[in-house]
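**Student:** Starting from these lines, generate the structure:
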Amino acid sequence: MAGPKDAADISSGVHCRLDEILQERSMTLTRLGELAGVSIVNLSVLKNDRAKAIRFSTLVAICTALECGIGDLLVLEE
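**Tutor:** Modelled structure (predicted):
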């Protein structure tokens, strides 16, 4: 009998492109944290697609710091 799925096994269907965008801009996670006012821990969770939710204010701060749109940062997985 199969048990409930582990939370890590369940995908939201949303991919955060933070790592790719940081590479395109030659920016570190530390620098983004400074510019956006977001902790490195929270940014790391996003970068590694482990986030279950994100506050709109955090999303806006990240996009403002990266000079990108929300659709550039978050995409649906194929």
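**Student:** going forward, measure contacts and count neighbours with C-alpha atoms only.
**Tutor:** OK.
**Student:** quick one, phi/psi of Val14?
**Tutor:** phi -110, psi 130 (degrees, to the nearest 10).
**Student:** my read: it touches Leu73, true?
**Tutor:** No: if you go by CA atoms under 8 Å, Val14 and Leu73 don't touch, sitting 10.1 Å apart.
**Student:** This protein: strands as residue ranges?
**Tutor:** Taking DSSP state E as the test, the strands found in the chain are 14-16, 74-76.
**Student:** Can you tell me the centre-most residue of the protein?
**Tutor:** Leu46 (2.9 Å; CA atoms, centre = their mean).
**Student:** Spatially, which residue comes closest to that residue, not counting chain neighbours?
**Tutor:** Excluding its sequence neighbours, the residue lying closest to Leu46 (CA to CA, 6 or more residues apart in numbering) is Cys16, at 6.4 Å.
**Student:** what about this structure, any weak spots by pLDDT?
**Tutor:** Residue ranges of the chain with pLDDT under 70: 1-11.
**Student:** longest helix of it?
**Tutor:** Ranked by residue count, the top helix of the chain under DSSP state H comes out as helix 56-66.
**Student:** Name all residues that make contact with Ala65.
**Tutor:** For Ala65, the contact set (CA atoms under 8 Å, 6 or more residues apart in numbering) comprises Leu32, Leu35, Ala36.
**Student:** which one among the residues you listed gets closest to Arg25?
**Tutor:** Leu32 (10.5 Å; CA to CA).
**Student:** Could you measure from the closest one over to Ser12?
**Tutor:** Taking CA to CA, to the nearest Å as the measure, Leu32 falls 24 Å from Ser12.
**Student:** Can you give me the buried ones in stretch 65-72?
**Tutor:** Residues Ala65, Leu66 are the ones in stretch 65-72 that count as buried (16 or more other CA atoms under 10 Å).
**Student:** Now find how far off-centre it is within its chain.
**Tutor:** Distance, stretch centre to chain centre, for stretch 65-72: 11 Å (CA atoms, centre = their mean, to the nearest Å).
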